[in-house]
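no letters, just coordinates:
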């Protein structure tokens, strides 16, 4: 017996389709869960090993080509979803909000790794999310709700947005302030 957990059919151009496949690949590689699907994280473990079935068919009646990629794995082949939830010790590192935003605390980032140089407790939180154009962005939100910094650009790959966020975490402590007069 099968239980369908997710299904989506839509029209996309080649670039949008490639972005979706890259996001799925990033999710698979990083163990973050499959949040590339409709901006929600599905409650399934991420496979460490799987059977990959690739088919390319030509439907001569409909004059169409169909490329099908199927990944199959069992419960023994999966690891629990970790990013934005727990670190290696099992401590909570943040939450996945209903809008797809991954919120992290001041000592970790969306990969669950420790921030570069933990200092005094932060009054701000990094958020990693997909925008309306289906691109990854990050923002730093003060506890009063104000956005104090953001990525300034969207990234096709979640991993690239995380790299930008981590760069700010590493390079901003002690940064000089220049005032134009």
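It's in. Note that the structure is predicted; figures quoted are calculated from it, not measured. Numbering: from 1, shown residues only.

what's the end-to-end length of stretch 138-147?
Distance between the two ends of stretch 138-147: 10 Å, counting by C-alpha to C-alpha, to the nearest Å.

next, the buried residues of it.
138-141 (16 or more other C-beta atoms under 10 Å). In short, each C-beta sits where N, CA and C put it, glycine included.

for it, the averaged confidence score.
For stretch 138-147, the mean pLDDT works out to 84.

list the contacts of it.
Contact with stretch 138-147 is made by 123-129, 148-151, 161-162, 164-165, 168, as judged by C-beta atoms under 8 Å, 6 or more residues apart in numbering.

out of those, which sit inside helices?
161-162, 164-165, 168 (DSSP state H).

any chance of these in a markdown table with pLDDT as columns?
Below are the ones in helices among the contacts of stretch 138-147 laid out as a markdown table (pLDDT from 0 to 100):
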| residue | pLDDT |
| --- | --- |
| 161 | 87 |
| 162 | 86 |
| 164 | 87 |
| 165 | 87 |
| 168 | 86 |
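
now, of these, which are buried?
Applying 16+ other C-beta under 10 Å to these flags 161-162, 164-165, 168 as buried.

can I get those in JSON lines with distance to residue 14?
Listed next are these as JSON lines, based on distance: C-beta to C-beta, whole Å:
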{"residue": "161", "distance to residue 14": "22"}
{"residue": "162", "distance to residue 14": "25"}
{"residue": "164", "distance to residue 14": "25"}
{"residue": "165", "distance to residue 14": "28"}
{"residue": "168", "distance to residue 14": "32"}
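
out of those residues, flag the one nearest to residue 63.
residue 161 (39.5 Å; C-beta to C-beta).

for this structure, which helix is longest?
Secondary structure assigned by DSSP H gives helix 14-30 as the longest helix of the chain.

which helices and strands does that helix pack with?
Applying 3 or more C-beta pairs under 8 Å, 6 or more residues apart in numbering; DSSP states H and E, we find helix 14-30 packed against strand 46-47, helix 158-171.

angle of that helix against helix 158-171?
60 degrees (axes from the mean of the first three to the mean of the last three C-alpha atoms, to 10 degrees).

about what we covered before: between the buried residues of stretch 138-147, which is nearest residue 56?
Distances from residue 56 to those, taken by C-beta to C-beta, are shortest for residue 138, at 37.1 Å.

surely that closest one is in a strand?
Yes - assigned with DSSP: H, G, I helix; E, B strand; the rest coil, residue 138 falls within a strand.

nearest spatial neighbour of residue 69, skipping sequence neighbours?
Take residue 69 and drop its neighbours on the chain: the residue closest to it by C-beta to C-beta, 6 or more residues apart in numbering is residue 54, 5.4 Å away.

residues near the closest residue to residue 16 other than its chain neighbours, how many?
Of all residues not flanking residue 16 in the chain, residue 134 sits nearest, at 7.1 Å (C-beta to C-beta, 6+ apart). Residue 134: 15 surrounding residues under other C-beta atoms under 10 Å.
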